[in-house]
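In: The following block contains a protein sequence and its predicted model.
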Amino acid sequence: MRYNRWFTPWVLVIPALTWLLVFNLWPSINTVILSFTNARPIGGGTFVGLKNFETLLHDEQLRWALLNSVIYMVVCLPFLTVFPLLLAVLVEKKLPGITFFRTAFYTPVVASAVVVALIWQWILDDRGLVNGLAEKLGVISGPLPFLSDQWLLLLSAISLTIWKGLGYYMIIYLAALGNVGRELHEAAAVDGAGPVRRFFYVTVPGVRGTMILISILISVSALRVFSELFILSGGKGGPGGRDNSVVMLIQQYSQGFEGNLGYASALSIVLFFVTVVPMLVLARLNRRGAEA
């Protein structure tokens, strides 16, 4: 018997719609509401208008966090856009033992971000593998403060992010390279184009849309970085808290019974707009490229 009830589609959609409303839409609306209050985890709060946003303008910790996030994005963006593409081009070739290299490059992606960060913390410690080996080889006379210097800590976290993300974006590029027609490479080779010219004039244009997508993903991830900086800094945000990210600040202000949920919500709104800007810019560049 065939049923054609009008409510059948709604029965299938309601569970997902309920999940979206309860765990996505309502928390977003509630964050905006809380940003205009001095709410605490216990005891509620009162309406304070734009006071939280006025405080943001004079928050030195936020300025450092925004600077760290921008540096994180600017450094990670070119490395994680270009290097994974080069790796994908290399491992795409059908050569003996190439499966081993594909697995090796992808292994860091499978590992937990927390576990990987703890391993890097051990390696970069004053008595860790890097400093110990460098001292034995006579390269340095004393341990380098990878985890206690403001800029070295930030550089270490960026290096960890790049190392862990190479395999993930390589897989995305591998899927995109499968859509680049072999006949295009063959035609370019017949015209006398070498491997380098074919890469720039056939491969890169063929995966241009994927490069924009990856750039957006990298930008958003870099601006929302948390685990790497949190674990490498021991949860303290580096010397004087100057290696905090915006997400770390949100966590610090909202934790505990006396946490300031209103101010943390205002920080969340700032993070939202900071994250949206590079997305819109990259989307605009993609649209212009498609129209050209």
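Out: Thanks, I have the structure now.

In: so the residue nearest the centre of the chain, which of the three states?
Out: By Cα atoms, centre = their mean, the chain has its centre lying nearest to residue 221, at 1.8 Å. Three-state assignment for residue 221 (DSSP: H, G, I helix; E, B strand; the rest coil): helix.

In: State whether residue 225 is indeed within a strand.
Out: No - counting by three-state DSSP, residue 225 is located in no strand; its state is coil.

In: any low-confidence regions in the stretch 101-250 of the chain?
Out: For the stretch 101-250 of the chain, no stretch is flagged by pLDDT under 70.

In: Now do the helices in it.
Out: Shown for the stretch 101-250 of the chain, the helices assigned by DSSP state H, counting those that start in this stretch span residues 113-124, 129-136, 150-177, 182-190, 195-198, 204-206, 208-223, 227-232, 246-254.

In: Kindly reformat these as a markdown table containing distance to residue 20.
Out: Yep, even glycine has a C-beta here, placed from its N, CA and C like the rest. Listed next are the helices of the stretch 101-250 of the chain as a markdown table, based on distance: least, Cβ to Cβ, whole Å:
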| stretch | distance to residue 20 |
| --- | --- |
| helix 113-124 | 26 |
| helix 129-136 | 46 |
| helix 150-177 | 26 |
| helix 182-190 | 41 |
| helix 195-198 | 45 |
| helix 204-206 | 35 |
| helix 208-223 | 20 |
| helix 227-232 | 26 |
| helix 246-254 | 23 |
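
In: Which of those sits closest to residue 283?
Out: helix 208-223 (7.4 Å; Cβ to Cβ).

In: What are the contacting residues of the closest one?
Out: The contact list for helix 208-223, computed with Cβ atoms under 8 Å, 6 or more residues apart in numbering, reads 69-70, 72-73, 76-77, 80-81, 84-85, 161, 165, 169, 172-173, 175-176, 204, 246, 271, 274-275, 278-279, 282-283, 285-286, 289.

In: Report the inter-axis angle for it versus helix 246-254.
Out: 30 degrees (axes from the mean of the first three to the mean of the last three Cα atoms, to 10 degrees).

In: And helix 208-223, what's buried?
Out: By 16 or more other Cβ atoms under 10 Å, the buried positions in helix 208-223 come out as 210-219, 221-223.

In: now stretch 225-240
Out: Of the residues in stretch 225-240, 225, 227-233, 237-238 count as buried by neighbour count, 16+ other Cβ under 10 Å.

In: Next, format those as CSV and append distance to residue 99.
Out: CSV is the format used below for these (distance: Cβ to Cβ, whole Å):
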residue, distance to residue 99
225, 32
227, 29
228, 29
229, 34
230, 35
231, 32
232, 32
233, 37
237, 41
238, 40
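
In: Closest one of these to residue 137?
Out: When the buried residues of stretch 225-240 are ranked by distance to residue 137 (Cβ to Cβ), residue 232 comes first, at 23.9 Å.

In: dump the residue contacts of the closest one.
Out: Per Cβ under 8 Å, 6+ apart, neighbours of residue 232: 117, 120-121, 124, 147, 153, 156-157, 160.

In: out of these, who has the most neighbours?
Out: Counting neighbours by other Cβ atoms under 10 Å, residue 157 leads those with 27 neighbours.

In: In contact with that one: list those residues for me.
Out: By Cβ under 8 Å, 6+ apart, the residues touching residue 157 are 72, 225, 228-229, 232, 243.

In: and what of residue 189?
Out: Applying Cβ under 8 Å, 6+ apart to residue 189 gives the contacts residue 198.

In: Looking at the helices of the stretch 101-250 of the chain, spot the one closest to residue 24.
Out: Closest of these to residue 24 is helix 208-223, at 16.2 Å (criterion: Cβ to Cβ).

In: angle of that closest one against helix 150-177?
Out: Here helix 208-223 runs at an angle of 150 degrees relative to helix 150-177 (the same axes, to 10 degrees).

In: just the buried members of the contacts of helix 208-223?
Out: Buried members of these, scored by 16+ other Cβ under 10 Å, are 69, 72-73, 76-77, 80-81, 84-85, 161, 165, 169, 172-173, 176, 246, 271, 274-275, 278, 282, 286.

In: Mind checking the helices of the stretch 101-250 of the chain for the one nearest to residue 29?
Out: helix 246-254 (17.3 Å).
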